[in-house]
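*Asks:* Let me see the structure of the following:
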Amino acid sequence: MSKTNNADCSTPMQASKLRRGSHVVVDGHPCKVQSISISKTGKHGHAKVHAVSVGIFDGKKRELMEPSTHDVQVPVIETEEYEVWYVSAGNIVVMLDKEGVTRSDLGLHHLPEEHASVITDLPLREGDVSGDEEAPQVLLTFTRSMGREECTGMKVVEV
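*Replies:* Predicted coordinates for the structure are as follows:
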């Protein structure tokens with residue numbers, strides 16, 4: 001995926017509209033809000049929003065403190081599911097999207113270790129599956145946001 005301007009990958013929203021489970025950009029990272037609290041208005045100030053969130057890609061805890069009337073950035077997040085078709089001799093994972101379009105731009109080393117080890121243990125190598133033998137269906141979920149894409153989930157469905 002090409003690098004894009006982070007400003008193009010998010011939209012503004014008033015801080016007071018943040019809710020638990022919503023997404024927000026904290027320190028340039030797309031995050032999911034775990035908890036939120038709003039302080040009361042002070043004598044000379046605004047009410048403040050305090051959001052505790054976790055990065056959707058790195059799992060790191062991040063905090064945001066903003067006046068409730070100010071805007072925060074909400075990341076645009078896309079997810080797409082691919083079926084693993086096979087793994088080539090060069091350890092390239094060949095996948096199909098829902099429309100049947102092939103994607104073969106990722107090696108096993110680009111996947112999280114726990115996903116790569118499961119895929120390696122299954123009969124998904126070129127030539128491993130004969131016509132009468134069914135291999136399990138492996139579905140990988142990819143999440144894209146702010147110019148970054150990662151495999152964030154996997155399901156193995158026995159056929």
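*Asks:* C-alpha only now, for contacts and for neighbours.
*Replies:* Will do.
*Asks:* sec struct for residue 109, please.
*Replies:* Taken by DSSP: H, G, I helix; E, B strand; the rest coil, the conformation at residue 109 corresponds to helix.
*Asks:* same question but for residue 115, I mixed them up
*Replies:* helix.
*Asks:* can you pull the contacts of it?
*Replies:* Counting by C-alpha atoms under 8 Å, 6 or more residues apart in numbering, residue 115 makes contact with residue 154.
*Asks:* Ok, residue 155 next?
*Replies:* Counted by C-alpha under 8 Å, 6+ apart, residue 155 has contacts 138, 139, 140.
*Asks:* Let's see the distance spanning stretch 15-23 from one end to the other.
*Replies:* Start-to-end span of stretch 15-23 (C-alpha to C-alpha, to the nearest Å) is 11 Å.
*Asks:* now swap in stretch 103-119 and tell me
*Replies:* Chord length of stretch 103-119, first to last residue, is 16 Å (C-alpha to C-alpha).
*Asks:* Kindly report the same for stretch 60-78.
*Replies:* Between the opening and closing residues of stretch 60-78 there is a gap of 20 Å (C-alpha to C-alpha).
*Asks:* That concludes my questions; thank you for your assistance.
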